[in-house]
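Trainee: A predicted structure for the sequence below; I have some questions about it.
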Amino acid sequence: MKKCIAVLAGDGIGPEIMKEGLKVLDAVAKKYGHTFEYKEALVGGCAYDAYGHPLPDETRKVCDSADAIYFGAVGGPKWETLPAELTPERGALLPLRSIYGLFANLRPAVIFGPLADAASLKSERLKGGLDILIVRELTGGVYFGRNKVTSLALKEGTVQGEYAVDYMIYSVPEIERIAKVACEAAMKRGKKLTSVDKANVLESSKLWRKVVIDYVQKKYPMIQLNHMYVDNAAMQLATNPKQFDVIVTENMFGDILSDLASAITGSIGMLPSASLSETGFGLFEPIHGSAPDIAGQGKANPLAQILSGAMMLKYAFGLSKESNAIEHAIMSVLEDGYRTGDIASANTLKDKILSTSGMGIKVAEYISKVEGK
Ligand code: NAD
């Protein structure tokens, strides 16, 4: 198979972890006889420095011509004081999501067996492992409210005297299409879906709950559906995460809950994500940010980036076997005691600590050892 991939490494640790992601994709291409063509482009703060905009036309063109977008991370203190529309996240990441209609954000929170002792919860609460899928709505809610209220006098996010305003807006079709993605995922797993909202307070959440109930009753009555307020969901995730299978929620709640889920699994450096459109086009990125505090030191864990590459193979290219090979290689690397600093166990004598590139090399090497072609 031949595929063209837009490679947007971004800022901070982005370029370091992306290098390792590509190393592993190269190893997969070699083993399984595929050709991955990489088209690199600037995004985020580095693009602002070079072109005066975090998402320049040059980068748009590269993405337009690609089969998928492989994304690192953007942002950093250097660009925080720019006008909102030019900051790396507001000026690049949010527009990419809306331009390509990337409304469905899949965020698996999985504990790899060998990392159980790196997880923040007592091991009895995680007995038998943890495998949650958070399905986050990505192009609506409070992060995109401004697009829908431009006619109002108060502009979202801008300070008007002593006030600042954001709008959380959802429509029935927006909720139905994310409910569909979540139901399809639940059908392939434990057929259990938890919808998270704040329907005791927010009008958008009341609509959310009603639409999810109607949709599941009509289309997937075999799915066991329950509802939780977001504050309770945070508490339940932190105390009894194994009760969850698939969680579906709106944009900001999903953002916050998935970071909490990452803390439970051990490190934010382990968690990938896929953001998909209705046509199957997607952007694949780790859930963490650009980690400026460790950039350039060879300390970043590249596994979330590498696992995002595995999600790209599966969801964008339909290469499930190759995607599984990456997961198996990572499992074997961890079983053999290799760690980056963020996932080191308490027993430092047992660990073989690797740098960012050392971990990438190790996973790529183990790809060739995965059985079968
Ligand atoms: P962050 O995720 O970058 O870092 C949080 C903490 O986790 C830091 O201590 C960092 O060192 C650590 N960490 C993150 N990734 C790691 C990895 N792969 N290996 C080891 N440790 C890792 O979040 P932040 O500090 O809140 O944000 C930093 C910048 O990233 C900000 O400019 C923010 O706006 C941006 N950001 C970008 C994205 C994105 O590009 N999708 C997402 C979140 C934050």
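Mentor: Perfect, I can see it now.

Trainee: show me what from the stretch 151-300 of the chain comes close to the ligand.
Mentor: Contact residues, the stretch 151-300 of the chain versus the ligand (C-beta under 6 Å from any ligand atom): 268-269, 285, 288-294, 300. C-betas here are computed from N, CA, C, even on glycine.

Trainee: from those residues, which ones fall inside helices?
Mentor: Counting by DSSP state H, those place none of their members in helices.

Trainee: so among those residues, where is pLDDT lowest?
Mentor: Across the set of these, residue 268 stands lowest in pLDDT, at 86.

Trainee: and the residues of the stretch 151-300 of the chain next to the ligand, which of them are buried?
Mentor: Buried subset of these (neighbour count, 16 or more other C-beta atoms under 10 Å): 268-269, 285, 288-292, 294, 300.

Trainee: now do the same contact list for residue 223.
Mentor: 183, 186-187, 191-193, 216 (C-beta atoms under 8 Å, 6 or more residues apart in numbering).

Trainee: actually residue 77, sorry about that
Mentor: residue 292.

Trainee: now do residue 253
Mentor: With C-beta under 8 Å, 6+ apart, residue 253 has these contacts: 136, 196-198, 230, 233.

Trainee: repeat that for 7 Å
Mentor: Applying C-beta atoms under 7 Å, 6 or more residues apart in numbering, we find residue 253 in contact with 196, 230.

Trainee: three-state assignment of it?
Mentor: helix (DSSP: H, G, I helix; E, B strand; the rest coil).

Trainee: farthest pair within the residues of the stretch 151-300 of the chain next to the ligand?
Mentor: 285 and 293 (19.1 Å; C-beta to C-beta).

Trainee: ok so, going back, pick the one among the residues of the stretch 151-300 of the chain next to the ligand closest to residue 244.
Mentor: residue 268 (18.6 Å).

Trainee: per-domain residue ranges of the protein.
Mentor: 1-105+269-373, 120-265 (automatic domain parsing).

Trainee: out of those, indicate the one that is most buried.
Mentor: Highest mean neighbour count among the domains of the chain (mean count of other C-beta atoms under 10 Å): domain 1-105+269-373, with a mean of 20.

Trainee: how much space between residue 113 and the ligand?
Mentor: 20 Å (C-beta to the nearest ligand atom, to the nearest Å).

Trainee: next up, the contacts around that residue.
Mentor: Contacts of residue 113 (C-beta under 7 Å, 6+ apart): residue 129.

Trainee: picking that back up, pick out the shakiest of the domains of the chain, pLDDT-wise.
Mentor: When I compare the domains of the chain, domain 120-265 is least confident, with a mean of 89.

Trainee: report the separation between the nearest residue to residue 312 once chain neighbours are set aside and residue 208.
Mentor: Residue nearest to residue 312 in three dimensions, not counting chain neighbours: residue 284, with 4.1 Å by C-beta to C-beta, 6 or more residues apart in numbering. Distance of residue 284 to residue 208, computed by C-beta to C-beta, to the nearest Å: 26 Å.

Trainee: now residue 189
Mentor: From residue 189 to residue 208 the distance is 22 Å (C-beta to C-beta).

Trainee: for whatever residue of the stretch 201-350 of the chain ends up closest to the ligand, grab phi and psi.
Mentor: Nearest to the ligand, among the residues of the stretch 201-350 of the chain, is residue 289, at 2.4 Å (C-beta to the nearest ligand atom). For residue 289, the backbone dihedrals are phi -90, psi -160 (criterion: degrees, to the nearest 10).

Trainee: can I get the domains of the chain in JSON lines including distance to residue 112?
Mentor: Shown next, in JSON lines, are the domains of the chain (distance: least, C-beta to C-beta, whole Å):
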{"stretch": "domain 1-105+269-373", "distance to residue 112": "5"}
{"stretch": "domain 120-265", "distance to residue 112": "8"}
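
Trainee: so what pairs up with the closest residue to the residue of the stretch 201-350 of the chain closest to the ligand other than its chain neighbours in the strands?
Mentor: Sequence neighbours aside, residue 73 is the residue nearest to residue 289 in space, at 5.2 Å (criterion: C-beta to C-beta, 6+ apart). Beta-bridge partners of residue 73, counted by DSSP bridges, are residue 10.

Trainee: show me what contacts residue 73?
Mentor: 10-14, 286, 288-290.

Trainee: quick one: it from the ligand, how far?
Mentor: Applying C-beta to the nearest ligand atom to residue 73 and the ligand gives a distance of 4 Å.

Trainee: still on that earlier bit, ok, so of the buried ones among the residues of the stretch 151-300 of the chain next to the ligand, who is nearest residue 132?
Mentor: The nearest one, if we look at these relative to residue 132 and count by C-beta to C-beta, is residue 268, at 15.0 Å.

Trainee: those strands in this protein, which residues are they?
Mentor: 2-10, 35-40, 68-73, 104-110, 131-137, 159-160, 163-164, 192-197, 224-229, 246-249, 272-276, 282-286, 338-339, 352-353 (DSSP state E).

Trainee: quick one: stretch 173-187 to chain centroid distance?
Mentor: Taking C-alpha atoms, centre = their mean, to the nearest Å, the mean C-alpha location of stretch 173-187 is offset from the chain mean by 17 Å.
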